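*Asks:* Fold the following.
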Amino acid sequence: MMEEDHCMYLKRSKNSFIILSLYIDDILIAGNNKEIIDTTKRWKSLNFEIKDMGDANYVLGVKIIKDHAKRLLDLTLKTYIKKMLERYHM
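*Replies:* Take a look at the predicted model:
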């Protein structure tokens, strides 16, 4: 568990890592090893009723853009900011 946030869990081994982020009843799983991610999902499904929603595109209003070829991850609040500007007629 990370000291700063008790809803973030990190597991590291030699060449891989996995992060579990919890928010109410939602879990976001990220890591650099698909096999470990899949194993974690299987274990979770044996112990809890879960629904795999696939790759995350939005989390808490943050849009996630992945470019696997370039090994880039981009996080943007563009949609949220636009919604707030419209709400307050700006």
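*Asks:* Need the three-state assignment for K11.
*Replies:* Look at K11: counting by DSSP: H, G, I helix; E, B strand; the rest coil, its state is strand.
*Asks:* now it, nearest residue through space, not along the chain?
*Replies:* I18 (5.1 Å; C-beta to C-beta, 6 or more residues apart in numbering). The C-beta positions use only the backbone N, C-alpha and C, and glycine is treated the same way.
*Asks:* Correct me if wrong: the one you found contacts E35.
*Replies:* No - the criterion here is C-beta atoms under 8 Å, and I18 misses it with E35 at 10.4 Å.
*Asks:* okay, the two: which has more neighbours?
*Replies:* Taking other C-beta atoms under 10 Å, I18 and E35 do not tie; I18 has more neighbours (18 against 9).
*Asks:* That one and H89: what is the separation?
*Replies:* Distance, I18 to H89, using C-beta to C-beta, to the nearest Å: 44 Å.
*Asks:* Can you tell me what sits against stretch 45-63?
*Replies:* With contacts defined as C-beta atoms under 8 Å, 6 or more residues apart in numbering, stretch 45-63 is touched by 23, 27-28, 41, 44, 64, 66, 75-80.
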